[in-house]
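Visitor: Compute the structure for the input listed below.
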Amino acid sequence: MDVFPIILVIHLLLAIALVGVILLQRSEGGALGIGGGGGGGLMSGRQAGNLLTRTTAILATSFFVTSLALAIIANNRSSGGSSPFDSVPASAPSQAPAAPAEPAAPLAR
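Guide: Have a look, this model is predicted:
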């Protein structure tokens with residue numbers, strides 16, 4: 001069973017969730033900052049901030065791990081785990097390069 005498509009789908013879902021969680025966070029610079037409003041609700045502003053910060057860290061770590069896994073799988077799949085330099089022949093040139101030709105003298109008119 002090939003795990004590449006499964007990890008790719010998980011990676012894309014993590015990317016979408018990471019963007020959503022980042023947009024929900026309260027910004028200090030006045031950007032989007034959709035979440036964390038001052039009104040009442042289930043959580044205070046500090047609790048919501050801590051939850052979103054922790055969620056962002058978990059999603060970012062998971063995104064990083066799936067990125068590494070996809071890179072390793074793609075490398076093993078494309079080149080069989082070998083370096084591209086392994087296929088270059090290691091033979092030295094058999095003769096010295098020829099000397100450049102002398103420039104021709106201009107013809108008189």
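Visitor: In contact with the closest residue to Phe63 other than its chain neighbours, which residues?
Guide: The spatially closest residue to Phe63, leaving aside those adjacent along the chain, is Leu14, at 4.7 Å (CB to CB, 6 or more residues apart in numbering). For the C-beta atoms, the positions are set from N, CA and C on the backbone; glycine is no exception. Going by CB atoms under 8 Å, 6 or more residues apart in numbering, Leu14 touches 59, 62-63, 66.
Visitor: Now tabulate these in TSV and tack on secondary structure.
Guide: Putting these into TSV (DSSP: H, G, I helix; E, B strand; the rest coil) gives the following:
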residue	secondary structure
Leu59	helix
Ser62	helix
Phe63	helix
Thr66	helix
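Visitor: what about Ala99, which helix or strand?
Guide: Using DSSP states H and E, Ala99 maps to neither a helix nor a strand.
Visitor: re the thing from before, so the residue nearest to Phe63, which of the three states?
Guide: Classified using three-state DSSP, Leu14 is helix.
Visitor: Noted, bye for now.
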